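Engineer: How does the following fold in three dimensions:
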Amino acid sequence: MKKRVFCAVLIALLGWEALRQMNGTGEPADGLQMVQVMNGEGKRSDLTAVSASRVHQGNLLLVNKDYPVHSEGVTSDIIKLAEHRELTAGYALLDNDTRLSKTVALQFSKMVEAAAGEGVSQFLISSGYRDTDKQKQLYEEKGADYALPPGHSEHNLGLSLDIGSSQMEMSRAPEGRWLEANAWDYGFILRYPKDKSDITGIQYEPWHFRYVGLPHSIIMRDKHYTLEEYLDFLKEQQSVTVKVKGTVYQISYYPVNGSSTFIPVPAGQQCDISGNNIEGLIITSHP
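Structural biologist: Numbers count the residues shown, from 1 in each chain. Have a look, this model is predicted:
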């Protein structure tokens with residue numbers, strides 16, 4: 001009982017301190033380190049204030065007809081691929097104006113290099129990041145059967161890309177088969193698989209891949225989860241520990257209440273924070 005009272009008082013005090021350190025927007029600055037605490041196992045954590053806006057930022061955002069992209073959710077490192085020759089080796093661009101997150105482009109470059117080592121090398125990118133104007137134009141030209149309304153497409157994030165083959169359609173191409181088997185190892189998922197359209201609301205798209213990063217892509221592959229199912233899984237489990245490629249990851253889910261939420265971040269570890277674009281934060285940490 002004494003521990004619970006102490007924690008309640010501590011968080012109340014931290015809440016007051018967060019109010020004192022407002023960044024001028026009415027919310028505490030993201031990533032504000034508040035205090036170091038010890039848990040019941042004697043492990044040290046940093047109690048961190050995270051603003052509610054972080055729910056709409058990160059690699060694990062769910063974007064569909066029900067959950068739109070928020071302005072803060074668009075990746076900040078969008079680049080025009082044709083202007084970065086070092087990132088376009090080993091594949092072709094259908095459109096020289098194609099844009100994508102630089103982080104995602106780096107991972108895609110590593111992936112196609114690995115595929116080339118196995119004799120699969122006829123990749124091309126047919127679409128990457130689209131702003132809302134481009135998405136609106138596509139939606140008006142192609143209709144709802146082909147495109148999502150502006151703001152409701154993953155392409156509006158900068159984390160998704162349509163990958164093709166210069167040989168044949170992706171459902172039959174060696175490039176498509178290689179990606180379905182190996183993309184997960186590089187942080188990518190096949191976003192709209194053949195047998196999950198009742199969950200995703202989108203028909204099978206063998207060309208549409210989404211970057212979510214490790215270890216999430218591996219867990220989704222092993223459990224045969226869509227992004228929708230994976231986010232539900234994390235919310236239900238609250239905390240998951242998994243070993244991927246020799247690294248032990250701790251993944252925790254925290255609901256966001258009010259303008260900010262206090263979350264414990266393991267001290268001395270690398271940590272990634274992503275919202276789910278609904279009401280929660282996913283904290284992924286590893287040594």
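Engineer: how about the strands in the stretch 51-200 of the chain?
Structural biologist: Secondary structure of the stretch 51-200 of the chain by DSSP state E, counting those that start in this stretch: the strands cover 78-80, 91-93, 99-101, 123-127, 160-165, 188-190.
Engineer: can you redo those strands as JSON lines with mean pLDDT, mean neighbour count and distance to residue 248?
Structural biologist: For glycine as for every other residue, the C-beta is placed from the backbone atoms N, C-alpha and C. Formatted as JSON lines, the strands of the stretch 51-200 of the chain follow (pLDDT from 0 to 100; neighbours: other Cβ atoms under 10 Å; distance: least, Cβ to Cβ, whole Å):
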{"stretch": "strand 78-80", "mean pLDDT": "97", "mean neighbour count": "17", "distance to residue 248": "32"}
{"stretch": "strand 91-93", "mean pLDDT": "97", "mean neighbour count": "17", "distance to residue 248": "33"}
{"stretch": "strand 99-101", "mean pLDDT": "98", "mean neighbour count": "24", "distance to residue 248": "27"}
{"stretch": "strand 123-127", "mean pLDDT": "97", "mean neighbour count": "20", "distance to residue 248": "33"}
{"stretch": "strand 160-165", "mean pLDDT": "97", "mean neighbour count": "23", "distance to residue 248": "29"}
{"stretch": "strand 188-190", "mean pLDDT": "98", "mean neighbour count": "24", "distance to residue 248": "21"}
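Engineer: want to throw these into JSON lines with distance to residue 234?
Structural biologist: JSON lines is the format used below for the strands of the stretch 51-200 of the chain (distance: least, Cβ to Cβ, whole Å):
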{"stretch": "strand 78-80", "distance to residue 234": "27"}
{"stretch": "strand 91-93", "distance to residue 234": "32"}
{"stretch": "strand 99-101", "distance to residue 234": "22"}
{"stretch": "strand 123-127", "distance to residue 234": "29"}
{"stretch": "strand 160-165", "distance to residue 234": "20"}
{"stretch": "strand 188-190", "distance to residue 234": "15"}
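Engineer: Domain parsing of this structure, as residue ranges.
Structural biologist: 2-55+231-286, 73-211 (automatic domain parsing).
Engineer: Deepest in the core, which of those is it.
Structural biologist: domain 73-211 (a mean of 18; mean count of other Cβ atoms under 10 Å).
Engineer: tell me how far that one is from the chain's mean position?
Structural biologist: Computed by Cα atoms, centre = their mean, to the nearest Å, the chain-centroid distance of domain 73-211 equals 14 Å.
Engineer: Could you list the low-pLDDT ranges of this structure?
Structural biologist: Low-confidence segments of the chain (pLDDT under 70): 1-45.
Engineer: Residue nearest the middle of it, spatially speaking?
Structural biologist: Centroid-nearest residue in the chain, with Cα atoms, centre = their mean: residue 59, separated by 1.5 Å.
Engineer: how near is that residue to residue 204?
Structural biologist: 23 Å (Cβ to Cβ, to the nearest Å).
Engineer: likewise residue 142?
Structural biologist: With Cβ to Cβ as the criterion, residue 142 and residue 204 are 17 Å apart.
Engineer: Can you check the distance spanned by stretch 113-132, start to finish?
Structural biologist: Length of stretch 113-132, first residue to last, Cα to Cα, to the nearest Å: 32 Å.
Engineer: So what touches that stretch?
Structural biologist: 75, 78, 81, 89-95, 98-101, 108, 112, 138, 150-151, 153, 155-158, 160-167, 173-175, 178-179, 182, 186, 207 (Cβ atoms under 8 Å, 6 or more residues apart in numbering).
Engineer: returning to what we had before: may I see the domains of the chain organised as TSV, with distance to residue 223 added?
Structural biologist: Below are the domains of the chain laid out as TSV (distance: least, Cβ to Cβ, whole Å):
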stretch	distance to residue 223
domain 2-55+231-286	7
domain 73-211	11
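Engineer: Pretty sure residue 263 sits in a strand.
Structural biologist: Yes: counting by DSSP: H, G, I helix; E, B strand; the rest coil, residue 263 is part of a strand.
Engineer: which residues does it contact?
Structural biologist: Taking Cβ under 8 Å, 6+ apart as the test, what residue 263 contacts is 47, 48, 50, 252, 254, 273, 281, 283.
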